[in-house]
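*Asks:* Got a predicted structure plus its sequence, pasted below:
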Amino acid sequence: MNIIAAAAVQDSKKEKGKNRRRTAGSYLYVLPAVVLFVVFVAYPILWVISESLYGKDASHPSGFAGLNHYWQVFQDPVFWRVLLNMFLWAAITIPVQMIVGGTIAYLIERYTSRSKTFFRVMFFLPVITSVSVVSIVWSQMYAPYYGIVQEYAKLIGLQLSMSPLGEPSLAIYALIVVNIWEWTGFSMIMYVAGINNIPNELWDAARIDGAHGWHLTTRFIVPLLSPVTRSLLMLGIIGTLQTFPIVHLMTDGGPDHASEIFGTYIFKEGFVIGDTGYASALSTLVLIIALGLSIVQIVALGARLSPSRRQTV
């Protein structure tokens, strides 16, 4: 019996050793991802936060500024203008892109047959078009006297003396129109995938029940496409905070900061003016805003837009 017990203990030790080696080996598979995360995500975030606490200028000769940069941000009128512009950008572009993109996707998938691929490509083409090309084309379209926007304005009796991009009260809205035109195709292709994932049996059941028009949209299509809507909301907010090239190329935040956004303002402060401490403080605040909005979406929108959640409530 003692021999059998000793053998069992020995086998148990060997099995534990094998399990440890398997566990150690499994960690090696995630090691490259962890290293990339630390080098390209964690370290830059920590560096930016650290840099926001320093600033070598006349007011901080020692280099350590503490929270002064953050206090300076909240006293900066340009920061509040940027915050308003970002709010307008998200409040207009996200719902318009979803509504227009979803409508186009529904019309393509339900009312076309052989030409589906053609329409999908045509509406998705602006998404893959170079931002530089989009900026040049739309700048010419907005040009006074000869731009296509001027030609349409003449139909309602308006004569543009300057480009909307140069008018402080219109610049941000002119850029929003360009952004909607460029990215509506992305919302469309997401909704196309969502519509194609709806089983045909559910469409047949809806028709048998007599669902059509507004009732079909609100009671059938919208709830079933809520996962796509939730994804587009999250991607839209992230995309709003990351917006930079279209504004930088078309207005560079002007005129007089009328179309300034976080990307262009941080770029100017950090790379043009060279105030890395202030730019890092702005970047840190953007990170905090992004984290806060993500938590709100996960806690609030995640539960409300989930079809499975609606059924259990």
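*Replies:* Okay, I see it.

*Asks:* where are the low-confidence patches of the stretch 201-313 of the chain?
*Replies:* For the stretch 201-313 of the chain, the stretches flagged by pLDDT under 70 are 211, 213, 301-313.

*Asks:* Sorry, slip of the keys, the one I care about is the stretch 51-200 of the chain.
*Replies:* For the stretch 51-200 of the chain (pLDDT under 70), the answer is 55-63.

*Asks:* so how many other residues sit close to residue 81?
*Replies:* Neighbours of residue 81 under the rule other CB atoms under 10 Å: 19. Bear in mind the C-beta positions are built from the backbone N, C-alpha and C, glycine included.

*Asks:* tell me which element it is part of?
*Replies:* According to DSSP states H and E, residue 81 maps onto helix 77-111.

*Asks:* Correct me if wrong: residue 243 contacts residue 89.
*Replies:* Yes - Residue 243 lies in contact with residue 89 (CB atoms under 8 Å); the separation is 6.7 Å.

*Asks:* Can you work out which residues contact both of those two?
*Replies:* 179, 261 (CB atoms under 8 Å, 6 or more residues apart in numbering).

*Asks:* With neighbour numbers in mind, choose between those two.
*Replies:* Between residue 243 and residue 89, residue 89 has the larger neighbour count (other CB under 10 Å), namely 23 against 20.

*Asks:* Tell me how far the residue nearest to the more buried one when sequence neighbours are not counted lies from residue 108.
*Replies:* In space, residue 89 comes closest to residue 240 once its chain neighbours are excluded; the distance is 5.2 Å by CB to CB, 6 or more residues apart in numbering. Separation of residue 240 from residue 108 (CB to CB, to the nearest Å): 26 Å.

*Asks:* Now for residue 209, how many residues are close by?
*Replies:* Neighbours of residue 209 (other CB under 10 Å): 12.

*Asks:* residues contacting it?
*Replies:* For residue 209, no contacting residues are found, by CB under 8 Å, 6+ apart.

*Asks:* What separation is there between it and residue 201?
*Replies:* Computed as CB to CB, the residue 209 to residue 201 distance reads 13 Å.

*Asks:* Helices of the stretch 151-300 of the chain, start to end?
*Replies:* Listed in chain order, the helices of the stretch 151-300 of the chain (DSSP state H, counting those that start in this stretch) span 171-196, 200-208, 213-216, 222-224, 226-242, 245-250, 262-267, 276-296.

*Asks:* is it possible to export the ones you listed to a markdown table including mean neighbour count and distance to residue 38?
*Replies:* Conversion of the helices of the stretch 151-300 of the chain to a markdown table gives the following (neighbours: other CB atoms under 10 Å; distance: least, CB to CB, whole Å):
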| stretch | mean neighbour count | distance to residue 38 |
| --- | --- | --- |
| helix 171-196 | 20 | 31 |
| helix 200-208 | 11 | 46 |
| helix 213-216 | 11 | 50 |
| helix 222-224 | 15 | 40 |
| helix 226-242 | 18 | 22 |
| helix 245-250 | 20 | 28 |
| helix 262-267 | 21 | 23 |
| helix 276-296 | 18 | 17 |
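
*Asks:* export those to JSON lines and tack on distance to residue 71?
*Replies:* As requested, the helices of the stretch 151-300 of the chain are exported to JSON lines (distance: least, CB to CB, whole Å):
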{"stretch": "helix 171-196", "distance to residue 71": "27"}
{"stretch": "helix 200-208", "distance to residue 71": "56"}
{"stretch": "helix 213-216", "distance to residue 71": "51"}
{"stretch": "helix 222-224", "distance to residue 71": "45"}
{"stretch": "helix 226-242", "distance to residue 71": "22"}
{"stretch": "helix 245-250", "distance to residue 71": "27"}
{"stretch": "helix 262-267", "distance to residue 71": "17"}
{"stretch": "helix 276-296", "distance to residue 71": "9"}
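
*Asks:* To residue 47, which of the ones you listed lies closest?
*Replies:* helix 276-296 (8.3 Å; CB to CB).

*Asks:* and the closest one, how far out from the chain's middle?
*Replies:* The chain centre lies 15 Å from the centre of helix 276-296; the measure is CA atoms, centre = their mean, to the nearest Å.

*Asks:* Now do it against helix 77-111, angle only.
*Replies:* Angle between the axes of helix 276-296 and helix 77-111 is 40 degrees (criterion: axes from the mean of the first three to the mean of the last three CA atoms, to 10 degrees).

*Asks:* which helices and strands does helix 276-296 pack with?
*Replies:* Applying 3 or more CB pairs under 8 Å, 6 or more residues apart in numbering; DSSP states H and E, one finds that helix 276-296 makes contact with helix 43-51, helix 68-75, helix 226-242, helix 262-267.

*Asks:* The longest one - contacts with which helices or strands?
*Replies:* Helix 226-242 is packed against helix 77-111, helix 171-196, helix 276-296, with contacts defined by 3+ CB pairs under 8 Å, 6+ apart.

*Asks:* And for the last one?
*Replies:* Judged by 3+ CB pairs under 8 Å, 6+ apart, helix 262-267 is in contact with helix 77-111, helix 245-250, helix 276-296.
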